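A.B. asks: Need a 3D model of the following:
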Amino acid sequence: MSSRIRRRSRSLLCSVTALLLAGCAGERGLEEKVLVIGIDGVRPDVLAEVPTPAIDALISEGAFSGRVITEAQTISGPGWSSMLTGVWPEKHGVTSNDFTGNNYATYPDFLSRLELIDGDFSTFAVVDWAPLGSEASGGPLLSDTIDVKLDFDGDQLGYQEGDNRSVAAAVRFLEHQDPDAAFVYIGYPDVAAHDHGGRSQEYYQSIETADVHVGRLVAALRNRPTYEREDWLILVSTDHGHRDAGGHGGDSPEERTVFFLASGPSVRHGTLPPDVNIVDVAVTALAHLGIAIDPAWHLEGRVSGLEAGN
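C.D. replies: Now for the predicted structure:
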């Protein structure tokens, strides 16, 4: 059974059930889809100071917290692993930017988990930091079971160019293909803070540019000919912050404070649990797609931001 037929059948069942019990997630007859956007190394306090019209628009249509205190080490490997698997480093096994010894076989990324549950799900990912998509440094975090996985080399291209190519590829795919779930990684803000500092003009500009990328991705969704029949959940988050001088890996508030943004028709506007965290991203994405979270998976995230029943 194709994913399109499966989702249509689920919506039909939900519509029938809604005649008897109000509050069914799919009663609107829309196809649930998810786009997760990960922007590396963004301080929420700086995000609040920078003109970001695309992100602001998502916040106005969704739920946002800029006071999330990550429990992962403030290093990209543990951060992205926690966000995309739904568990903390004690379980996924990544405690540095050396991904060797990871436990992704037990705790896969959410796209790979979808494929394990039902291979008819259409999944897409694009990254430009090598360990996320390739075997570099003990990766990949995002497995080869994902239907379409693109890996641009930010170290070789430069992360500004890598992000440009990643987002352009994602825009083409989102506009012309039919994914159920997608992940897009934007890496340059982290590099800008490392190179110039967490209060530098270059860092501020990198976040403005990331917002332009977010706007392009949102526009790609809205340009889809089937958009009016779809319920897109957009999740945006980051792995860690930065010290004023640039750099991370410590326990300062500037390094540990991150943000969580959920936006879309199924989001309860403005409402997030006080202890929302990055492990909620994977779990919320799965739940929006109608996946019942099996206690046997031992996930540590929870559903955050969705209306009751979704």
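A.B. asks: got the residue ranges for the strands in the protein?
C.D. replies: Remark: strands assigned in the chain by DSSP state E are 31-39, 62-69, 123-127, 148-151, 181-186, 230-237, 257-263.
A.B. asks: Which residue, other than its chain neighbours, is closest to residue 184?
C.D. replies: Ranked by Cβ to Cβ, 6 or more residues apart in numbering and with sequence neighbours excluded, the top spatial neighbour of residue 184 is residue 170, at 4.7 Å. Heads up, the C-betas are built off the backbone N, CA and C, glycines and all.
A.B. asks: Just name the most buried of the strands of the chain.
C.D. replies: Neighbour counts (mean count of other Cβ atoms under 10 Å) averaged over each of the strands of the chain peak at strand 181-186, with a mean of 28.
A.B. asks: Restricting to C-alpha, output that one in PDB.
C.D. replies: Extracted C-alpha coordinates of strand 181-186, given in PDB (Å, rounded to 0.1, in the frame of the first residue of the first chain):
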ATOM      1  CA  ALA A 181       8.900  13.900   6.600                       C
ATOM      2  CA  ALA A 182      12.000  16.000   5.900                       C
ATOM      3  CA  PHE A 183      15.000  17.300   7.700                       C
ATOM      4  CA  VAL A 184      17.100  20.300   6.600                       C
ATOM      5  CA  TYR A 185      20.300  21.300   8.400                       C
ATOM      6  CA  ILE A 186      21.700  24.900   8.200                       C
END
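A.B. asks: Run me through the strand neighbours of it, direction for each.
C.D. replies: Looking at strand 181-186 with DSSP bridges, its partner strands are strand 31-39 (parallel), strand 123-127 (parallel).
A.B. asks: How about residues contacting the shortest one?
C.D. replies: Around strand 123-127, the neighbours that count as contacts under Cβ atoms under 8 Å, 6 or more residues apart in numbering are 111-112, 114-115, 133, 142, 146-152, 166-167, 169-170, 173-174, 177, 179-185, 187.
A.B. asks: what about residue 292, how many neighbours?
C.D. replies: Close neighbours of residue 292, defined as other Cβ atoms under 10 Å, add up to 8.
A.B. asks: likewise residue 187?
C.D. replies: For residue 187, the neighbour count with other Cβ under 10 Å is 26.
A.B. asks: That one against residue 131, yeah?
C.D. replies: No. Counting by Cβ atoms under 8 Å, residue 187 sits too far from residue 131 to count as a contact (11.6 Å).
A.B. asks: For residue 221, list the residues it contacts.
C.D. replies: Going by Cβ under 8 Å, 6+ apart, residue 221 touches 35, 174, 227, 230, 232, 234.
A.B. asks: I'm done for today, thanks for sticking with me.
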